[in-house]
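**Q** I'd like to go over a predicted model; first the sequence, then the structure.
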Amino acid sequence: MTARQPSFSRRSIAIAAVLAGTVSLAIGAHAALNMRPLEAKSAVTEPVESVSKGTRLALVIGNGHYPDANAPLTQSINDARALTHALRRDGFDVDVIEDANKDDLGRAVERLKARIKPDAVVMLFFGGYAIQAGRESYMIPVDAKIWNERDVRREGVSIEKVLDTMAERGARAKLAVIDASRRNPYERRFRAYSHGLAPISAPANALVLSSATPGKVVDDSNGQNSVLITELLSNLDGSSAGAEAVFNKTRVAVSRVSDGEQVPSVSSSLLEEVRLGTDPDAGT
């Protein structure tokens, strides 16, 4: 028996071709639609500019118990605690240490260095004894063994170097409050007295408040907190003013309440306004 060969008309072939083309287009369109979510997801995960923008960090150090001193500096500890409370209220992430020895100071600076991100606002507070050696001022740890000026450089931590570290790590604004213009207990061992602190040389976009003008020393008051921190906290409380305005108001207030006996120093190289409050519309 002979098998019949199937016969196809030209019209049947044309219809089949159209159907095949339609199926192919449908498959392509479906594949394209399936690709869109992947492309969108890839775009969203691209790096976003400065995720750490607005970060506020502070290292607060209050040193009060120095074996070489005749009496402890109770105000330094109280000042560190009070300022820590105020800064945390204003959105700062604060690392606070009390009666820091040399190793404590070194580790604290390293912790701060590791936490600094680009575009951060960073503050340093030191209350205690500080000494100038050469043209730099050094924070003195409680276990310092100081007999001459060389020991100051070896035992202390340079305020300028901490500010430089902030700049090197990319901090946008560097702030420092140094309440250490005291007559230190080591001066009697020096051939020449180093009165007060040296002018603090700050990097660009920095602001420094010191408890006295360079080369001057001040005596502690009888209050729970130092005059400098009392007035600084008063100007910080609920203020939406910029940091430079707050520091300058503090300088004027201290001079007024001390009848001109204590005039703090404000050194600024700020290139922008830096606000200390937590108002999101007030700027960083």
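**A** Done, it's in. As the structure is a computational prediction, the values presented were derived from the model and not from experiment.
**Q** Which SSE is immediately downstream of the helix or strand containing residue 105?
**A** Per DSSP states H and E, residue 105 falls inside helix 102-115. Using DSSP H and E, the next helix or strand after helix 102-115 towards the C-terminus is strand 121-127.
**Q** mind checking how far that next one is from the chain centre?
**A** Centroid displacement of strand 121-127 relative to its chain, using C-alpha atoms, centre = their mean, to the nearest Å, is 7 Å.
**Q** export it as PDB, just CAs?
**A** What follows is strand 121-127, C-alpha atoms only, in PDB (Å, rounded to 0.1, in the frame of the first residue of the first chain):
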ATOM      1  CA  VAL A 121      31.800  66.700  62.800                       C
ATOM      2  CA  VAL A 122      34.300  65.700  65.500                       C
ATOM      3  CA  MET A 123      34.800  67.300  69.000                       C
ATOM      4  CA  LEU A 124      37.600  66.900  71.500                       C
ATOM      5  CA  PHE A 125      37.200  67.900  75.100                       C
ATOM      6  CA  PHE A 126      40.100  67.800  77.600                       C
ATOM      7  CA  GLY A 127      39.900  68.900  81.200                       C
END
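**Q** mean confidence score for it?
**A** Averaged across strand 121-127, the pLDDT comes to 98.
**Q** Which strands border it, and is each parallel or antiparallel?
**A** Sheet partners assigned to strand 121-127 using DSSP bridges are listed as strand 56-62 (parallel), strand 173-179 (parallel).
**Q** what packs against the helix holding residue 105?
**A** In this structure, helix 102-115 packs against strand 56-62, strand 93-98, strand 157-158, helix 159-168, with contacts taken as 3 or more C-beta pairs under 8 Å, 6 or more residues apart in numbering; DSSP states H and E. The C-beta positions use only the backbone N, C-alpha and C, and glycine is treated the same way.
**Q** Can you point out the buried residues in it?
**A** Buried positions in helix 102-115, judged by neighbour count with 16 or more other C-beta atoms under 10 Å: 102, 104, 105, 108, 109, 112.
**Q** What about the nearest residue to the last one once chain neighbours are set aside, how many residues nearby?
**A** Going back to what we said before, that points to residue 112. The shortest distance from residue 112 to any non-neighbouring residue, by C-beta to C-beta, 6 or more residues apart in numbering, is to residue 59 (4.7 Å). Using other C-beta atoms under 10 Å, residue 59 is surrounded by 23 other residues.
**Q** I'd say residue 59 and residue 110 touch.
**A** No - between residue 59 and residue 110 there is no contact under C-beta atoms under 8 Å: 10.6 Å.
**Q** where's the closest residue in space to residue 198 that isn't next to it in sequence, which helix or strand?
**A** Computed as C-beta to C-beta, 6+ apart, the closest residue to residue 198 that is not its neighbour in sequence is residue 132, at 3.9 Å. Residue 132 belongs to strand 130-133 when assigned by DSSP H and E.
**Q** who does that strand touch, helix- and strand-wise?
**A** Applying 3+ C-beta pairs under 8 Å, 6+ apart, one finds that strand 130-133 contacts strand 136-139, helix 149-155.
**Q** Quick one, which of these gets closest to residue 174.
**A** Smallest distance to residue 174 across the helices and strands packed on strand 130-133 (C-beta to C-beta): 15.2 Å, for strand 136-139.
**Q** from the middle of its chain, how far away would that closest one be?
**A** 19 Å.
**Q** Name the surrounding residues that touch it.
**A** 61, 63, 105, 126, 128, 130-132, 152-153, 155-161, 178, 180, 197-198, 200-201 (C-beta atoms under 8 Å, 6 or more residues apart in numbering).
**Q** how close does residue 65 sit to residue 74?
**A** 9 Å (C-beta to C-beta, to the nearest Å).
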